[in-house]
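Engineer: the following comprises the amino acid sequence and a computationally predicted model.
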Amino acid sequence: TDIMKIFFGAYLALQAMASASAFSVVPSTSGASKTQLFAGTSPGYTSKTSKWEMDKISPNQRIEGETRHTWNFPDISREVVQVALKTEGRPCSADVELWIGPDWTPVKINSYSEDGKERPIQTLIGTRNKSANLEIRNTGGYEFPLTAAVSYAISPLADARKTLPQEGSRYIEGGAVYSHSFDPEVDQVQCLLKTDGRMLNAKIELLNGPNNVKQTLEVFTNNGELNSLFVVFETPGAGNTIRIRNLATLEFPCAASFKASETKKTLGTTMTWK
């Protein structure tokens, strides 16, 4: 009888273990996005140009569709990061986020270009003189890769967010829309949206023809003075117009500044990075 009790106790223990295993949690990656599964990291470089030749901004980084890449910028003595995104003629769609610390994202930019070769995405982002990471997430499909170049900007481009308002600015109330046209000979346009320290939530669009949107950048930041939106649009052909929509409410106005450039683009030499 003692032996039977021992076997019976062992049987009950095995049954209990089997029942417990039926409710055990199995780790799963099905809920993780593709951008979580496929990511890379690069160090922060210093640009070798104050213009927008991608080979001189930084080593080019290919980012496949639905993946992301992060750059680290630890130098608190420098503040302005230069970002350029392009494709080989296909649409370019990406989110650009600045991270300071483990869970603070003071600025986010949603960007889109109908043709990332003819109209690349070109912008400046301030790190607020803090150690920061900058993430670019390709929100396009897998068949739409993009190429990114990211680095600390150098003068005079690094000072452009301060000098451009000297050209004059346009006051845009919350909820308002403003359009600004350019002559056909203009090749490139610099645009700046900023506030007096209040929130900035706005969309800036490049149109070619009536309501024909070629490029869009939408920004949200809690401080439109520290993280003003500086964008450089390539404007080939005639009929180009910049349209700005202040997406914030009435109490959050912004100021817009523009500067047209007639300088033609030149091909640069190949740079060696160390």
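Structural biologist: On my side now, so go ahead. Since the model is a prediction, treat every value here as computed from it, not as a measurement. Numbering: from 1, shown residues only.
Engineer: CA only for contacts and neighbour counts going forward, please
Structural biologist: Will do.
Engineer: pLDDT below threshold where in the stretch 101-250 of the chain?
Structural biologist: Within the stretch 101-250 of the chain, no stretch has pLDDT under 70.
Engineer: what ranges do the strands span in it?
Structural biologist: All strands of the stretch 101-250 of the chain, identified by DSSP state E, counting those that start in this stretch, fall at 107-113, 121-126, 132-138, 146-152, 170-172, 177-181, 188-194, 200-208, 213-221, 229-234, 240-246.
Engineer: of all the ones you listed, which lies closest to Thr67?
Structural biologist: Among the strands of the stretch 101-250 of the chain, strand 132-138 comes nearest to Thr67, with 5.7 Å by CA to CA.
Engineer: what does the closest one contact?
Structural biologist: 35, 63-74, 93-101, 145-146 (CA atoms under 8 Å, 6 or more residues apart in numbering).
Engineer: which ones among those residues lie within strands?
Structural biologist: 63, 68-73, 93-99, 146 (DSSP state E).
Engineer: now, the most widely separated pair of those?
Structural biologist: Counting by CA to CA, the most remote pair of the ones in strands among the contacts of strand 132-138 is Phe73 and Ser93, 23.3 Å apart.
Engineer: what sits closest to Ser50 if chain neighbours are left out?
Structural biologist: Leu157 (5.2 Å; CA to CA, 6 or more residues apart in numbering).
Engineer: can you tell me how far the one you found is from Lys48?
Structural biologist: In this view, Leu157 and Lys48 are 11 Å apart by CA to CA, to the nearest Å.
Engineer: quick check, central residue of the chain?
Structural biologist: By CA atoms, centre = their mean, the chain has its centre lying nearest to Val96, at 1.8 Å.
Engineer: distance check, the residue nearest to Asn72 when sequence neighbours are not counted against Val83.
Structural biologist: Among residues not flanking Asn72 along the chain, Asn133 sits closest, at 4.5 Å (CA to CA, 6+ apart). Counting by CA to CA, the gap from Asn133 to Val83 is 13 Å.
Engineer: look up the pLDDT of Thr87 for me, please.
Structural biologist: You'll see Thr87 listed with a pLDDT of 96.
Engineer: thought it was touching Leu146?
Structural biologist: Yes - counting by CA atoms under 8 Å, Thr87 does reach Leu146; the two are 4.9 Å apart.
Engineer: and the two? Which one has more around it.
Structural biologist: Ranked by neighbour count (other CA atoms under 10 Å), Thr87 and Leu146 place Leu146 first, with 26 against 23.
Engineer: I figured the more buried one was touching Glu66, is that so?
Structural biologist: No - using CA under 8 Å, Leu146 makes no contact with Glu66, being 10.6 Å away.
Engineer: can you pull the contacts of the nearest residue to Asp196 once chain neighbours are set aside?
Structural biologist: The shortest distance from Asp196 to any non-neighbouring residue, by CA to CA, 6+ apart, is to Glu225 (5.7 Å). Contact partners of Glu225, counting by CA under 8 Å, 6+ apart, are 194-198.
Engineer: try 10 Å this time
Structural biologist: 126, 161, 193-200, 254 (CA atoms under 10 Å, 6 or more residues apart in numbering).
Engineer: among those residues, which one sits closest to Asn110?
Structural biologist: Leu200 (13.6 Å).
Engineer: skip the chain neighbours and tell me the closest residue to the closest one.
Structural biologist: Leu200 sits nearest to Gly224 (CA to CA, 6+ apart), 4.8 Å away.
Engineer: separation between the one you found and Val232?
Structural biologist: Taken as CA to CA, the span from Gly224 to Val232 is 18 Å.
Engineer: next one: Pro106
Structural biologist: Taken as CA to CA, the span from Pro106 to Val232 is 21 Å.
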